[in-house]
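> Let's see this in three dimensions:
(2 chains)
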Number of protein chains: 2
Amino acid sequence: MKIFRKLLAWSIFASFTLTTPLSTALSQQAQPYTYPPGLLTELKQLEQSALASDYAYRQVARLCNNIGPRLSGSPQAAHAVRYIADEMRRLGLDVQLEKVMVTHWVRGVETAELVKFAGQAPGTTQKLVLTALGGSVATPAEGLTADVVVVQDFDQLQSLEKERVAGKIVVFNKRFDQQMAAQGFAGNAYGQAVAYRVAGASVAARKGAVASLIRSVGGADYRLPHTGSLRYEDNAPKIPAGALSAEDAELVAYLASQGDVRLHLTLTPQTLPDVESYNVIADLKGSEHPEQVVIVSGHLDSWDLGTGAIDDGAGVVIAMQAVNLIKHLGLKPKRTIRFIAWMNEENGLAGGRTYAIDHKNEFGNHVAAIESDLGAGHPTGVSAHAGAKAVEILQPLAAILQEIGAGVVRQTSGAEGADVTPLDVAGVPTLSPIQDSRTYFNYHHTSADTLDKINPRELAENAAVMVVAAYAIACLPDPLPR
Amino acid sequence: MKIFRKLLAWSIFASFTLTTPLSTALSQQAQPYTYPPGLLTELKQLEQSALASDYAYRQVARLCNNIGPRLSGSPQAAHAVRYIADEMRRLGLDVQLEKVMVTHWVRGVETAELVKFAGQAPGTTQKLVLTALGGSVATPAEGLTADVVVVQDFDQLQSLEKERVAGKIVVFNKRFDQQMAAQGFAGNAYGQAVAYRVAGASVAARKGAVASLIRSVGGADYRLPHTGSLRYEDNAPKIPAGALSAEDAELVAYLASQGDVRLHLTLTPQTLPDVESYNVIADLKGSEHPEQVVIVSGHLDSWDLGTGAIDDGAGVVIAMQAVNLIKHLGLKPKRTIRFIAWMNEENGLAGGRTYAIDHKNEFGNHVAAIESDLGAGHPTGVSAHAGAKAVEILQPLAAILQEIGAGVVRQTSGAEGADVTPLDVAGVPTLSPIQDSRTYFNYHHTSADTLDKINPRELAENAAVMVVAAYAIACLPDPLPR
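All right, here's what the predicted structure looks like:
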């Protein structure tokens, strides 16, 4: 009842503020795009229902706590595919499992200890905390032992003679800029540091290194290593690669400044044969233009250290909640709303790529693709990589979402979700909630990415953003322009 | 030069504020205790020198990074004893290694995984992050497997029938009150939770449990287990005991609320024969009353997971800096200032106990004992467990230390340092810097207790508090009253 009164009051207010000359005059802009009052009422209803429901939180608890880590190729990933498909069928959606061949990399032993360093107590070593990078080849089972070369960045490595590096373990001590992240530029901070994770091993190998260790890409100071994928380049030997905790990278750098440091490294991951897996695709058919598709999505696979709560259980359940709410409220979108739980975002992006190949001919009818893959922090709005006209058409969402502090509708310079990038490249407008990511990279790809990192209220706010954006785009008179 | 001018200006100001009728009238108290102006100048000089010196930081870097973890009985602890003794000799102090027999507990394998729980993917387990508690006995080498019983506290366990607990693994999911800690009551928060670490195993064993796991005693949410000592009671079977990360305790509690949870636990620590170790004692002899002793101290042993930076490398080097500065400035305390690096605070307190036995007959000449064992956070002053008269005599320290924000001189209800407790019990006034401990228990007893947790400026501030308090007490006309 309370919600109903709120909705009524709001729809009167919204019609007024969105259409009167006064608001136009105040904003000093052209006549804003207006939504049909009925649609505005439905959007408000969806927003309120998202906030009132614990469905998304219960689903992410299930993914994280009952199923656990969901690395591509793992039994948990396979189980999660079945679980999500069943749940979507239960909601009455039209479910397809679309085949995706995924890499099957499994973590093994991962240990390291300093065996020689200045001032060491006789007969002792110092244990380092590290993790293998996804895709890394193994050391010999008994490990390898070599002196280290510590560099701050690629330039410093390149400035060294090859014989200074050959036969050694390179340690890239590139700091993650936590202050940049804390000021709201987490993606930029990540971009700067992640280059070392992706390319470090091959750059070091070309200098003759026998292994490559990076300083973990992420903030916080709890001696936590961050995993993530590397990419071996074709023209370089494949050498084992890991990520030290920030503390351990600092320790090695400190000791290397005092003299020779020798390290014993054991990493025994394996790359097994590729495994058949699936994108879970569930359609809520459009009533007028079923062939026109609006995607709501997150990625179902996760890294193996934590349980994939913020990366990206949250994204999957936000998208689940979007279709759940529309179904539950009996709303009928004009266009098809397509839920996708992408597979293999973390170490291959096979899900996104395969979808792009399999559905290429239908891209003309893909109206928009929304993905949430930056956690579950409080959203301040929605970002869109789309043309100026499309972003103008999305502006009324601001008035809906402002109630939860999510009233920013912002144009971005590229797709925010990796899985929707192939669609983005093909010209499909892509959207994402604008999440509070100030501490996201403290937990990202670590053992600490667990359920407790999700605030139920903030998760619900994100679901509100996703469902409001998707339903609006699915119901506007015309397809969102490209 | 700059420092000198500052000192001159300050000593004029201090004489005025501490002795004029105006200040007395304002404070509405009896005529305050006054220090000789020469002493005040020396104290200010010591404070300024502490802030200007990096000696303490260089020493703690050496302990943490070059020597590493210093668990009692370890080669690193033995090496640290030699290192500190050499350093004290280098400063020209009179050094004694006083024998202490210490326990020699060594960590082994520590793994746990959930093997049965609601909703699990077929053929999978879930890894838990945990660590053995210090002193724990081992499981069989291949581990043990049992169902879990999760309780919130002792009362809940006691309310269960013995057959509900017999043969099971008890999980005490007692939360550390992080909000209490954040509001400045870290010690209270610790006290509430640590009871489960100390006594949990025996309480569970008396109910027939085969193992006991606590939720780690500490704040933060980075999936970090906290070790620490347990105490087996004589009238209970000794069962293996560990600490889960907070996240894992929550996970087990969540799953246990849905059905049976079975856990496979492997802990293989060993208790080896006791080892001969030492308190490092270094005297800076008093010029007038060499038999009267003021102790400055911290404990040299640490847990083995981290490198013992805030617990308690910091305390040791703060005390080292106290004697270093007095020596370096050529000051002559009237009473002996005795540096002590205590051994075995963490798992036995053998150092403090042995000193109390060996020096019992000299306690009458122990004027005060200062220990720093709550990290290296910014000090707001100094606390004293001493009589009201003694605390009054210490008040002028406030005027000295206020420049660094450490102008609180507070009476406490007991000794703050564990090692000086036997002295405290014997009536010797005990003092400690009042450290910012709001995040201390986030890192305490974890792998993340590493050098980077120490802010060099704040470490220097603590050294200033220690040296100012010690030197004042060593130079006052009369011994501090009891």
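> Nearest residue to the middle of chain A?
Nearest to the geometric centre of chain A sits residue A:373, at 3.1 Å (CA atoms, centre = their mean).
> so who does that one touch?
Counting by CB atoms under 8 Å, 6 or more residues apart in numbering or on different chains, residue A:373 makes contact with A:298, A:299, A:311, A:312, A:315, A:345, A:416, A:417, A:418, A:419, A:432. For glycine as for every other residue, the C-beta is placed from the backbone atoms N, C-alpha and C.
> where does the stretch 51-200 of chain A come near chain B, residue by residue?
A:61-62, A:65-68, A:74-76, A:78-80, A:117-124, A:126, A:129 (CB under 8 Å from any CB of the partner chain).
> before we move on, the earlier item: just say helix, strand or coil for the residue nearest to the centre of chain A.
coil (DSSP: H, G, I helix; E, B strand; the rest coil).
> in the helix or strand harbouring residue A:111, what counts as buried?
Using DSSP states H and E, residue A:111 falls within strand A:110-116. Within strand A:110-116, the residues that qualify as buried are A:110, A:112, A:113, A:114, counting by 16 or more other CB atoms under 10 Å in any protein chain shown.
> so which strand or helix has residue A:164?
Taking DSSP H and E as the definition, residue A:164 sits inside helix A:162-165.
> who's in contact with residue A:338?
A:281, A:282, A:283, A:284, A:293, A:294, A:295, A:296.
> ditto for residue A:167
Shown in contact with residue A:167 (CB under 8 Å, 6+ apart): A:146, A:147, A:208, A:209, A:210.
> Could you do residue A:447 as well?
Neighbour list for residue A:447: A:224, A:305, A:306, B:129, B:223 [criterion: CB under 8 Å, 6+ apart].
> Doesn't it lie inside a strand?
No: the assignment for residue A:447 by three-state DSSP gives coil, which leaves it out of any strand.
> And it, what's its pLDDT?
Per-residue confidence (pLDDT) for residue A:447: 98.
> now do residue A:396
pLDDT, read off for residue A:396, is 97.
> roughly how far apart are the residue nearest to it when sequence neighbours are not counted and chain B?
Residue nearest to residue A:396 in three dimensions, not counting chain neighbours: residue A:35, with 5.0 Å by CB to CB, 6 or more residues apart in numbering or on different chains. Taking CB to the nearest CB, to the nearest Å as the measure, residue A:35 falls 41 Å from chain B.
> where exactly do the strands run in the stretch 251-400 of chain A?
Assigned by DSSP state E, counting those that start in this stretch, the stretch 251-400 of chain A shows strands spanning A:262-267, A:270-284, A:289-299, A:335-342, A:366-371, A:379-385.
> Low-confidence bits of the stretch 251-400 of chain A, can you list those?
Applying pLDDT under 70 to the stretch 251-400 of chain A flags no residue at all.
> for chain B, what are the nearby residues on the stretch 351-482 of chain A?
By the rule CB under 8 Å from any CB, the part of the stretch 351-482 of chain A lying against chain B is A:442, A:443, A:446, A:447, A:448, A:450, A:451, A:452, A:453.
> Who wins on neighbours among those?
With neighbours taken as other CB atoms under 10 Å in any protein chain shown, the top of these is residue A:448, carrying 29 neighbours.
> doesn't residue B:223 make contact with it?
Yes: counting by CB atoms under 8 Å, residue A:448 touches residue B:223, with 4.1 Å between them.
> quick one: common contacting residues for these two?
Shared contacts of residue A:448 and residue B:223, counting by CB under 8 Å, 6+ apart, come down to A:224, A:306, B:247.
> Tell me who's in contact with the last one.
Neighbouring residues of residue B:247 by CB under 8 Å, 6+ apart: A:448, A:450, A:451, A:452, B:129, B:221, B:223.
> for the first one, same thing?
In this structure, residue A:224 makes contact with A:129, A:216, A:218, A:245, A:446, A:447, A:448, B:222, B:223, B:224, B:448, judged by CB under 8 Å, 6+ apart.
> try 10 Å this time
A:129, A:131, A:216, A:218, A:243, A:245-247, A:305-306, A:442-443, A:445-448, B:222-224, B:447-448 (CB atoms under 10 Å, 6 or more residues apart in numbering or on different chains).
> what ranges do the helices span in the stretch 1-150 of chain A?
Using DSSP state H, counting those that start in this stretch, the helices of the stretch 1-150 of chain A run over A:2-19, A:21-27, A:37-52, A:55-61, A:75-90.
> Give me the buried subset of the contacts of residue A:167.
Counted by 16+ other CB under 10 Å, the contacts of residue A:167 give A:146, A:208, A:209, A:210 as buried.
> out of those, which are inside strands?
residue A:146 (DSSP state E).
> tell me the two of the buried ones among the contacts of residue A:167 that are most distant?
Largest separation among the buried ones among the contacts of residue A:167 by CB to CB: A:146 and A:208, giving 11.0 Å.
> overlap in contacts of the two?
A:167, A:168, A:170.
> Could you confirm the last one falls within a strand?
Looking back up the chat, that one is residue A:170. Yes: according to three-state DSSP, residue A:170 belongs to a strand.
> Pretty sure it sits against residue A:210.
Yes: using CB atoms under 10 Å, residue A:170 is in contact with residue A:210, at 9.0 Å.
> hey, what's in contact with both of the two?
Residues touching both residue A:170 and residue A:210 (CB under 10 Å, 6+ apart): A:146, A:204, A:239.
> show me what contacts the last one?
Contact criterion CB under 10 Å, 6+ apart gives A:136-137, A:139, A:144, A:169-170, A:200-202, A:204-206, A:208-212, A:232 as the residues in contact with residue A:239.
> And for the first one?
For residue A:146, the contacting residues are A:167, A:168, A:169, A:170, A:209, A:210, A:211, A:262, A:263, A:264, A:265, by CB under 10 Å, 6+ apart.
> Distance of it relative to residue A:166?
10 Å (CB to CB, to the nearest Å).
> Pull up the overlap in contacts between the two.
Counting by CB under 10 Å, 6+ apart, the contacts common to residue A:146 and residue A:166 are A:209, A:210.
> related to what we said a few turns ago, max pairwise distance over the residues of the stretch 351-482 of chain A next to chain B: which two?
Checking those with CB to CB, the most distant pair is A:442 and A:451, at 15.8 Å.
> Fine by me, thanks again.
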